[in-house]
Structure formats: structure tokens, C-alpha cells
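>>> let's see this in three dimensions:
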Amino acid sequence: MKSKIKKYNLFFLVVLVDLILWFYWPDKGTTAVISTGDYLVEMLLFIPPIFILIGLLDVWVPREIVEKNVGPESGVKGVVISILVATAAAGPLYAGFPVAYTLMKKGCRMANVVIFLGTWATIKVPMLMMEIKFLGMEFAAARLLLTLPAIILSGYLVERLLAGAEKAGEPKANKLTG
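Next comes the predicted model:
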């Protein structure tokens with residue numbers, strides 16, 4: 001029973017803070033409650049379709065295809081595929097984590113998972129179009145040229161750090177693929 005309640009500690013904390021704000025500072029509390037409700041509705045609208053897509057990905061895409069295209073031996077092709085898929089993705093970053101989990105479960109290389117999430121968070125086609133429109137092509141190109149190498153480097157760095165931690169005797173970082 002305790003472990004089930006523990007899962008919801010963050011939720012209970014948010015409700016408690018909202019109530020305290022509402023009681024002591026009604027204006028701020030009202031704003032906090034409205035924001036909390038807005039985020040909850042947003043999540044409830046995004047999460048079900050994402051889980052449906054995850055289920056379809058899990059059932060329709062064989063592990064061999066994921067391993068071949070974004071797995072440990074995929075090389076540059078895996079990086080390019082991870083970037084292209086993430087730039088076409090829609091929705092907030094928290095929607096990308098279940099996709100990343102499923103990719104890891106199917107044999108995706110850790111570097112490509114990190115590249116996928118980094119790209120999802122920072123480089124999407126609609127975002128680039130808005131940048132070009134409001135900030136100019138030069139800004140969008142400069143940001144893209146600075147962001148992409150940082151994302152790719154981060155992917156390989158995280159993969160190396162996790163592999164090093166595993167060799168040092170720490171628990172296996174990715175129990176999904178092993």
C-alpha cells in the first residue's frame with residue numbers, strides 16, 4: 001500500500017503547494033491551480049495518443065529493424081535516422097520518453113536514444129520555421145549548426161559514461177536490451 005502511495009508523492013506535493021498558495025495568497029493560488037489544471041489537461045490529451053503509437057511501434061516494428069537502423073552497429077545512419085525521426089515528431093518532450101523507452105527495448109543504441117531525445121527537445125520542423133520567420137535564417141542556421149553537434153556529442157558521451165560505469169561495477173544502465 002505504501003509503495004502505491006509513494007508513486008503519487010509528487011502529485012500530492014503539487015496539490016499541497018497549490019492549496020497552501022490558495023489559502024495564504026489567493027491570487028497566486030488561483031493562478032497555480034489554473035496552471036496545474038492546464039498542464040494536467042495537456043498531458044491527458046497527449047499521453048493516450050502517444051501510448052497508442054507506442055503500442056503500434058512495439059507490435060508492428062520488429063526488433064531486427066530497429067537494431068539494423070539505429071542499433072549498436074548502425075553508425076552514421078543511426079544518427080541521421082534518430083535526428084530525422086525526432087525533427088518530425090510532434091508534442092512536448094515528455095511524450096518522447098515513452099518512444100525512447102520503446103526504442104531502447106527494441107535494441108536502439110544508447111547514443112541514438114539520447115540523440116533522439118535531444119533532437120526532439122530542440123530541433124523540430126515547426127520550431128525551425130518559427131525561428132526563420134521571427135529571428136531570420138541566419139539565426140536559425142547558426143542555432144542548428146551549434147545545436148546538432150552538441151546533441152550528437154552528448155549522445156556518444158552519455159553512452160560512453162554509462163559503459164564506463166558498467167565496467168566499474170555499477171548496476172547495468174540499460175536492463176531493457178540485455
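>>> buried set for stretch 93-108?
By 16 or more other CB atoms under 10 Å, the buried positions in stretch 93-108 come out as 95-96, 98-100, 102-108. Every C-beta, even on glycine, is put in place using the N, C-alpha and C of the backbone.
>>> just give the nearest non-adjacent residue to Leu93, would you?
Of all residues not flanking Leu93 in the chain, Ala121 sits nearest, at 4.8 Å (CB to CB, 6 or more residues apart in numbering).
>>> which residues sit against whatever helix or strand that neighbour lives in?
Element membership of Ala121 [criterion: DSSP states H and E] is helix 110-122. Helix 110-122 has contacts (CB atoms under 8 Å, 6 or more residues apart in numbering) with 70-71, 74, 78-79, 81-83, 85-87, 89, 93, 96-97, 99-100, 103-104, 108, 147, 150-152, 154-156, 158-159, 162, 173-174.
>>> let's see that helix as PDB, backbone CA atoms only.
C-alpha atoms of helix 110-122 as PDB (Å, rounded to 0.1, in the frame of the first residue of the first chain):
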ATOM      1  CA  MET A 110      22.000   4.400 -26.200                       C
ATOM      2  CA  ALA A 111      23.800   7.200 -28.100                       C
ATOM      3  CA  ASN A 112      20.900   7.200 -30.700                       C
ATOM      4  CA  VAL A 113      18.300   7.400 -27.900                       C
ATOM      5  CA  VAL A 114      20.000  10.400 -26.400                       C
ATOM      6  CA  ILE A 115      20.300  12.000 -29.900                       C
ATOM      7  CA  PHE A 116      16.600  11.300 -30.500                       C
ATOM      8  CA  LEU A 117      15.600  12.900 -27.200                       C
ATOM      9  CA  GLY A 118      17.900  15.900 -27.600                       C
ATOM     10  CA  THR A 119      16.700  16.500 -31.200                       C
ATOM     11  CA  TRP A 120      13.000  16.100 -30.100                       C
ATOM     12  CA  ALA A 121      13.600  18.700 -27.400                       C
ATOM     13  CA  THR A 122      15.400  21.300 -29.600                       C
END
